[in-house]
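**Q** I need the structure of the sequence given here:
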Amino acid sequence: MTLRHKIGKLFRAESYRRMWRHVERILAPLPLRPLRARIDQQRLRELQQRHASPPPDAPAHWRHYSKYLDLDKYLRINARRVQYLRLHRSPPKDILDIGCGAGFFLFVAQACGHHGLGLDVDKVPVFDELIDLFGLERMIAHVRRLEPIPDLGRKFDLITAFSPAFHGGRNTSWDWGVREWDYLISDLERHLKPGGRIFFGLNPAYNGEFYTDEILQLFLRRGAAVERENIFFPPKSA
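**A** Numbering: from 1, shown residues only. As a prediction, this is how the structure comes out:
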């Protein structure tokens, strides 16, 4: 069976899985109102006023990140992520979120009873203040090519990375190849508890694809369930 045929079968099965997950979200919604109620609205308004219009001399990327001040939009996106991973229906888990950004995913997950640690770079003021507003724990660290992530002091039931940028920007999405991805997955497994899992929600490359054929083959060899951008690895053995 050719790789192209295998990929075709993979994505036909994916369409059924995605449809069923959509039905599950309808049947078991995760409403935004209780999430909003957990946020100090006065502090939020002050934060939004402070960062809505960055000063003229601010770095250009600050304006890009100001979009995360639209809390309802990003709470909704991350509520769907929590539902996709069925965290709204699972016992408490220890979660590591790599590239946590403003912390929306961990905030929603913690509202569902889980415990989270974010890992990301700093020097994005709107992210720093939203992390503080949400009351999240974060460690400042870079994920670099063929280098281990730092010791985090504990192990996790779930490690996530949504829309990661550590493997390259939009114009360099294939900056990491099979070797780099294989190293990262092996390194992350060291931080899992027995039965723990790794999940990647990838950004598309410049041509709209999420991975090369070679990277896809690596994910499949490692037993991952692949649903377009979503890569869910099997539980770590004891």
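
**Q** quick check: mean pLDDT of stretch 214-227?
**A** Averaging pLDDT along stretch 214-227 gives 95.

**Q** next: stretch 124-133.
**A** On average, stretch 124-133 scores 93.

**Q** what does that stretch contact?
**A** 39-40, 43-44, 47, 50-51, 61-62, 65-66, 68-69, 100-104, 118, 120, 122, 138 (C-beta atoms under 8 Å, 6 or more residues apart in numbering). In this view, the C-beta of every residue, glycine as well, is placed from N, C-alpha and C.

**Q** same question for stretch 139-154.
**A** 94, 96, 98-99, 117-122, 164, 166, 176, 179-180, 183-184, 187-188, 190-191.

**Q** narrow those residues to those that are buried.
**A** 94, 96, 98-99, 117-120, 164, 166, 176, 180, 184, 188, 191 (16 or more other C-beta atoms under 10 Å).

**Q** tell me which of those is nearest to residue 33?
**A** Looking at the buried ones among the contacts of stretch 139-154 and their distance to residue 33, the nearest is residue 118, at 24.4 Å (C-beta to C-beta).

**Q** output the lowest mean pLDDT helix or strand found in the chain.
**A** helix 3-27 (a mean of 58; mean pLDDT, DSSP states H and E).

**Q** quick one, helices of this structure?
**A** 3-27, 33-37, 41-51, 60-65, 71-84, 104-111, 125-134, 178-189, 213-221 (DSSP state H).

**Q** adding distance to residue 151, write those helices out as a markdown table.
**A** Shown next, in a markdown table, are the helices of the chain (distance: least, C-beta to C-beta, whole Å):
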| stretch | distance to residue 151 |
| --- | --- |
| helix 3-27 | 35 |
| helix 33-37 | 32 |
| helix 41-51 | 32 |
| helix 60-65 | 29 |
| helix 71-84 | 27 |
| helix 104-111 | 20 |
| helix 125-134 | 21 |
| helix 178-189 | 12 |
| helix 213-221 | 26 |
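
**Q** name the single longest strand found in this structure.
**A** Across the chain, the longest stretch assigned as strand under DSSP state E is strand 192-201.

**Q** ok, and for that strand, which residues are buried?
**A** 192-193, 196-201.

**Q** can you tell me how far the closest residue to residue 220 other than its chain neighbours is from residue 111?
**A** Distances taken as C-beta to C-beta, 6 or more residues apart in numbering put residue 226 closest to residue 220, at 6.7 Å, once the chain neighbours are dropped. Here the distance between residue 226 and residue 111 works out to 29 Å (C-beta to C-beta, to the nearest Å).

**Q** for the residue nearest to residue 220, the count of nearby residues, please.
**A** Residues lying near residue 226 (other C-beta atoms under 10 Å) number 19.

**Q** cool, residue 91 as well?
**A** Residue 91, neighbours per other C-beta under 10 Å, totals 8.

**Q** now stretch 41-55, how far from the chain's geometric center?
**A** 25 Å (C-alpha atoms, centre = their mean, to the nearest Å).

**Q** so for it, mean pLDDT?
**A** Stretch 41-55 comes out at a mean pLDDT of 86.

**Q** fine by me, we can end here.
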